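Colleague: sequence and predicted structure, then a few things I'm wondering about:
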Number of protein chains: 2
Amino acid sequence: MERIMMAHGSGGRLSHELIRTLFQRYLGNSYLDQMNDATFLPGQAQLAVTTDSFVISPLFFRGGNIGKLAVCGTVNDLAVSGASPRFLTLALILEEGLPLVELEEIIKSIAETALEAGVAIVCGDTKVVERGSADRIFINTTGIGYITNRFLGPQRIEPGDVILSTGTIGDHEIAILSEREGLEFETPVKSDCAPLNGLIDSFFQPEVKCMRDPTRGGVATTLNELAQQAGVSMLLQEEALPINPGVEGACAMLGLDPLYLANEGKALVIASPEAAGSLLQAMREHPLGKNAAQIGKVLEGKPGLVLLETPLGGKRILGMLEGEHLPRIC
Amino acid sequence: MERIMMAHGSGGRLSHELIRTLFQRYLGNSYLDQMNDATFLPGQAQLAVTTDSFVISPLFFRGGNIGKLAVCGTVNDLAVSGASPRFLTLALILEEGLPLVELEEIIKSIAETALEAGVAIVCGDTKVVERGSADRIFINTTGIGYITNRFLGPQRIEPGDVILSTGTIGDHEIAILSEREGLEFETPVKSDCAPLNGLIDSFFQPEVKCMRDPTRGGVATTLNELAQQAGVSMLLQEEALPINPGVEGACAMLGLDPLYLANEGKALVIASPEAAGSLLQAMREHPLGKNAAQIGKVLEGKPGLVLLETPLGGKRILGMLEGEHLPRIC
């Protein structure tokens, strides 16, 4: 089986061969084919940009792999910011010895997911490090998006606003955990890893005030950040949280709180209360939003305070994630 | 001594603390301070973009460190493409246990070099992997530049054009090699690592047709790429190559060819012959160009062929770098 060698990162002949036979073959487009030190792109007066590195382990999991994730993660950061994702850069750090078939599988997923999300891979970089100096493959994607006329931000959040989730929470982290630990649940859990720009385009209306994707740290940490930035309190209803049975079972068994689990294909949407019904309806018509639900609301009160109301009416404070749940979840 | 812990990459409280006490402290600006999933930037109708990961070992070397290099490498790819570098993204992969003082030193260098190059760090990402899963720190920078009215590219190269180097060759790779192997040369060699956009702005004129920075693979590999893309031959004069005495000595001792050694602060400039004199004069007036020299010329002949003429008049073919000189040079 052919494997990555140090010379694939030399900048010499083998680097060129890898570019031609793998990257151009699967990812080629008029931008990438410029093959210069920098790629020239059409821009516009206002841009959105975001960067993310992916170090997930295992590389392949139920519902995706590190390549798919590297496209979704960056596309979603642009999409929840109200931008239209257009261009991605792709930088790989490869460990000597990585089987080329695994790299090819990852590159194929990147190509497929980029196509689904409507973004082009416009430039790239490959480095190879000695066996033992990295764990198989790390991927960085940086995304450039065009600004739309969506004006979003925590400063728009007001008491009375509703908090919606586009779907079930905790799927990604439980999928990775079960893959990594070899746990078998009755209902196998699949990562929710997906590009959200299509879903967001389908439900967006000006009454949406702020969106975030609750990745590392989960819904609770993301809402803590927003509540702090907006200077408001938030109240979640425990019984309103959409949770897959497999995730519920895994959390019960392992003592995990789904509100702190990472998601890779969900958005939290904060909107004016009068728009809640039509937003939820539009979300549910999209395949990625069929489990959308209102999970809470924004309150006046101590800035930054996020509370969870239990079915019996008790309330507990949801702080930010302390320590580390599960390393290398993305 | 405080060290990076897995929880610094959790997305939770310690991640936020690291962002506040280190990244915002040294790198803060109005873009970075937006603190959203994506950063909004002023753009323009045409953009240049490039991405690079840095895995150099050792992290600190004579003339720079991985942080300075991560800014220079990306700034230079934009600058040689004829773009004006404006924005950088910064993504870190940290190994658990990295001393915080080393990270701080690197972040300080990033801040200083970004200031020197006139670019702003606009967004970032931090991942932490377990001890043994990465080698201390890997950095990705992605750069966005504005297009100037500089029309550059290998398609503009013609027989008769001159090939200039903005300075001595091989310094970066010999500096890293001697650091890594504990070699002591009579004349210590310093990496040439520097942002080139200021130098390029100082000498640029429309007679410049193409520029490249000869990093991995060195001058020989870079000119092979250009000769292929332009469909021309090139002839270098061995005695015209500007080489520091320390690099010359190290190459003689170790049997290395300076034409294949990586540079991190040099540009190769291909221009109309009538501009050679004024370009060299302007280059030499800038601190980063004081050893600028004409090193060869473009010829009709076999497309892609690069030849070296020795002082005695013999010629040998310079191919692309085969295999790997020295891994993790950048």
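Modeller: The structure has been received and is ready for your questions.
Colleague: skipping its backbone neighbours, what lies nearest A:Gln155 in space?
Modeller: What sits nearest to A:Gln155 in space, not counting adjacent residues and going by C-beta to C-beta, 6 or more residues apart in numbering or on different chains, is A:Ala230, at 6.8 Å. Yep, even glycine has a C-beta here, placed from its N, CA and C like the rest.
Colleague: residues contacting that neighbour?
Modeller: Residues in contact with A:Ala230 (C-beta atoms under 8 Å, 6 or more residues apart in numbering or on different chains) are A:154-155, A:157, A:210, A:298, A:303.
Colleague: pLDDT at it, what is it?
Modeller: Looking at A:Ala230, its pLDDT is 96.
Colleague: ok, it to A:Val298 distance?
Modeller: Separation of A:Ala230 from A:Val298 (C-beta to C-beta, to the nearest Å): 8 Å.
Colleague: next: A:Thr310.
Modeller: A:Thr310 is 19 Å from A:Val298, by C-beta to C-beta.
Colleague: these two - which one has more neighbours?
Modeller: Taking other C-beta atoms under 10 Å in any protein chain shown, A:Thr310 and A:Val298 do not tie; A:Val298 has more neighbours (25 against 11).
Colleague: my guess is A:Pro245 contacts A:Thr187, does it?
Modeller: Yes. Here A:Pro245 reaches A:Thr187: they are 5.1 Å apart, a contact under C-beta atoms under 8 Å.
Colleague: overlap of the contact sets of A:Ala230 and A:Val298?
Modeller: Here A:Ala230 and A:Val298 share the contacting residues A:Ile157, scored by C-beta under 8 Å, 6+ apart.
Colleague: let me see the ranges of the helices in chain A.
Modeller: For chain A, applying DSSP state H gives helices covering A:13-18, A:25-27, A:66-80, A:100-117, A:171-181, A:197-203, A:218-230, A:245-254, A:276-284.
Colleague: burial count for A:Glu274?
Modeller: Other residues near A:Glu274 come to 10 when the count uses other C-beta under 10 Å.
Colleague: what distance do you get for the nearest residue to it once chain neighbours are set aside to A:Arg156?
Modeller: Distances taken as C-beta to C-beta, 6+ apart put A:Glu207 closest to A:Glu274, at 6.9 Å, once the chain neighbours are dropped. A:Glu207 sits 10 Å away from A:Arg156, going by C-beta to C-beta.
Colleague: ditto for A:Ala240
Modeller: Taking C-beta to C-beta, one finds A:Ala240 at 23 Å from A:Arg156.
Colleague: against chain B, how distant is the residue nearest to A:Glu274?
Modeller: 20 Å (C-beta to the nearest C-beta, to the nearest Å).
Colleague: likewise for A:Ser178?
Modeller: A:Ser178 is 19 Å from chain B, by C-beta to the nearest C-beta.
Colleague: thought that residue was touching A:Thr187?
Modeller: No. The criterion here is C-beta under 8 Å, and A:Ser178 misses it with A:Thr187 at 10.7 Å.
Colleague: of the two, who's got more company?
Modeller: The neighbour comparison of A:Ser178 against A:Thr187 (other C-beta under 10 Å) goes to A:Ser178, with 19 against 12.
Colleague: now do the contacts for that one.
Modeller: A:62, A:184-185, A:188-189, A:250.
Colleague: kindly state the pLDDT recorded for the residue lying closest to A:Ile329 once chain neighbours are set aside?
Modeller: Nearest residue to A:Ile329, sequence neighbours excluded (C-beta to C-beta, 6+ apart): A:Ala262, at 4.7 Å. Looking at A:Ala262, its pLDDT is 96.
Colleague: what about A:Ala262, how many neighbours?
Modeller: Neighbour number of A:Ala262 under other C-beta under 10 Å is 31.
Colleague: for it, what are its contacts?
Modeller: Here A:Ala262 is in contact with A:170, A:172-173, A:176, A:214-218, A:325-326, A:329-330, B:11 (C-beta under 8 Å, 6+ apart).
Colleague: domain assignment for chain A?
Modeller: Using automatic domain parsing, the domain parsing of chain A gives A:6-147, A:154-317.
Colleague: pLDDT of the shortest one, averaged?
Modeller: Taken as a whole, domain A:6-147 carries a mean pLDDT of 95.
Colleague: now the end-to-end length of that domain.
Modeller: 40 Å (C-alpha to C-alpha, to the nearest Å).
Colleague: quick revisit: looking at the domains of chain A, which is buried most?
Modeller: Most buried of the domains of chain A by mean neighbour count (mean count of other C-beta atoms under 10 Å in any protein chain shown) is domain A:6-147; its value is a mean of 22.
Colleague: on that earlier part again, and the least confident of the contacts of A:Ser178?
Modeller: Among the contacts of A:Ser178, A:Phe185 has the lowest pLDDT, at 73.
Colleague: just checking, that residue touches A:Cys251?
Modeller: No. If you go by C-beta under 8 Å, A:Phe185 and A:Cys251 don't touch, sitting 10.4 Å apart.
Colleague: what sits against A:Met234?
Modeller: A:163, A:223, A:226-227, A:296-299, A:305-307.
Colleague: wait, A:Phe151 touches A:Ser81, no?
Modeller: No. If you go by C-beta under 8 Å, A:Phe151 and A:Ser81 don't touch, sitting 10.9 Å apart.
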